[in-house]
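Trainee: I'll drop the sequence and a predicted model, then ask my questions.
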Amino acid sequence: MSKVGLIVPTLNAGSLWESWLKAFEQQTRKPDCLLVIDSSSSDDTVVLAYAHGFDVQVIPKSEFNHGGTRQLGVNTLSAVDIIVFLTQDSLLARPDAIEQLLATFADEQVGAAYGRQLPHRNARPIAAHARLFNYPAESQLRSLEDRVRFGIKTVFISNSFAAYRRNALMQVGGFPVDTIMNEDTYVVGKMLIGGWKIAYCTDAIVFHSHNYSFLDEFKRYFDIGVFHTCSSWLQQTFGGASGEGLRFVISEMHYLIKYAPWLIPSAALRTGLKWLGFKLGTLHQGLPPAMRRCFSLHKNYWFRTLS
């Protein structure tokens, strides 16, 4: 049987953390190695992690990096065959969630897999739709050939609940340490080009969603624009994001007309802010350093990049 490791990046996990740990304790298949990488929390995140059997590695908050921190965990758990990633706000929804995700690796061509995300109970309609759109009810097994059908969505994955075959991950160089976000998308793109397959497992379920503010939507899409500009090979290989964006907007409007029509103006404004943020992100090289930091959700990236 493959040796499995679990890596959870944390920062002040808050009131959900106890529920997270309780859900983890109920899992039918627990990883062999448990690692929390904590960005110097000021609450009891670390104490609770230790109490539930996790090893904890504390790093300065300023040193957190989406790709680099995860690769630090991969390097630390050097003896495992499969590495599972969860975030502190992804609540395991079924006792067999991890077991179901790991089952996809019975296919030796699978290099990475991710589970289904359902909205938290407190998710507002706009946040709920985003989960339902991006995580459909049918499982998928995608290869490079599927880019004709899925376009840029071929490389979709989420490290909020995902797992990687270690040798496949290291074959493509591990997680990049110099991307602003979407380190998982970057790796999956490399894996698909390298001949691996990506599995989406609908029986592996977590509750995970965000009620983003208008400003957060703008900043997040600014960073996405930065990522795609700096990783232009992804869109060159798999296609642009505009078609998928249009499909999302149409789906969102249909959903809101049915369930929350009063939020249609809010959704329209958010769409405009996303578009503006993304466009400015693609043009970030022409912006002053202070403006890049101001527009970005991940400000530490700019201090590293511009220093």
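Mentor: That came through, no problem.

Trainee: Which strands or helices does the longest strand along the chain pack on?
Mentor: In the chain, with assignment by DSSP state E, the single longest strand is strand 197-207. Helices and strands touching strand 197-207, as assessed by 3 or more C-beta pairs under 8 Å, 6 or more residues apart in numbering; DSSP states H and E, comprise strand 91-92, helix 97-103, strand 110-118, strand 140-142, helix 183-193. Glycine gets a C-beta too; all of them are placed from N, C-alpha and C.

Trainee: Tabulate the ones you listed in JSON lines, adding columns for mean neighbour count and mean pLDDT.
Mentor: Below are those laid out as JSON lines (neighbours: other C-beta atoms under 10 Å; pLDDT from 0 to 100):
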{"stretch": "strand 91-92", "mean neighbour count": "23", "mean pLDDT": "98"}
{"stretch": "helix 97-103", "mean neighbour count": "21", "mean pLDDT": "98"}
{"stretch": "strand 110-118", "mean neighbour count": "25", "mean pLDDT": "98"}
{"stretch": "strand 140-142", "mean neighbour count": "17", "mean pLDDT": "98"}
{"stretch": "helix 183-193", "mean neighbour count": "23", "mean pLDDT": "98"}
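
Trainee: and the longest strand of the chain with strand 110-118, angle?
Mentor: Relative orientation of strand 197-207 and strand 110-118, computed by axes from the mean of the first three to the mean of the last three C-alpha atoms, to 10 degrees: 30 degrees.

Trainee: Show me which positions of strand 197-207 end up buried.
Mentor: By 16 or more other C-beta atoms under 10 Å, the buried positions in strand 197-207 come out as 197-201, 204-207.

Trainee: repeat for stretch 146-159
Mentor: Buried, per 16+ other C-beta under 10 Å, within stretch 146-159: 146-147, 151-159.

Trainee: ok, back up a step: output the helices and strands packed on strand 197-207 in TSV, with distance to Y164 appended to each entry.
Mentor: Supplementary listing: the helices and strands packed on strand 197-207 in TSV, determined by distance: least, C-beta to C-beta, whole Å:
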stretch	distance to Y164
strand 91-92	18
helix 97-103	11
strand 110-118	5
strand 140-142	15
helix 183-193	7
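
Trainee: and A268, which of those is closest to it?
Mentor: strand 110-118 (24.5 Å; C-beta to C-beta).

Trainee: which secondary structure elements does the closest one contact?
Mentor: helix 97-103, helix 125-134, strand 161-165, helix 166-171, helix 183-193, strand 197-207.

Trainee: Distance to V8 added to these, as JSON lines?
Mentor: Below are the helices and strands packed on strand 110-118 laid out as JSON lines (distance: least, C-beta to C-beta, whole Å):
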{"stretch": "helix 97-103", "distance to V8": "12"}
{"stretch": "helix 125-134", "distance to V8": "20"}
{"stretch": "strand 161-165", "distance to V8": "11"}
{"stretch": "helix 166-171", "distance to V8": "17"}
{"stretch": "helix 183-193", "distance to V8": "15"}
{"stretch": "strand 197-207", "distance to V8": "12"}
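
Trainee: Perfect, that will be all.
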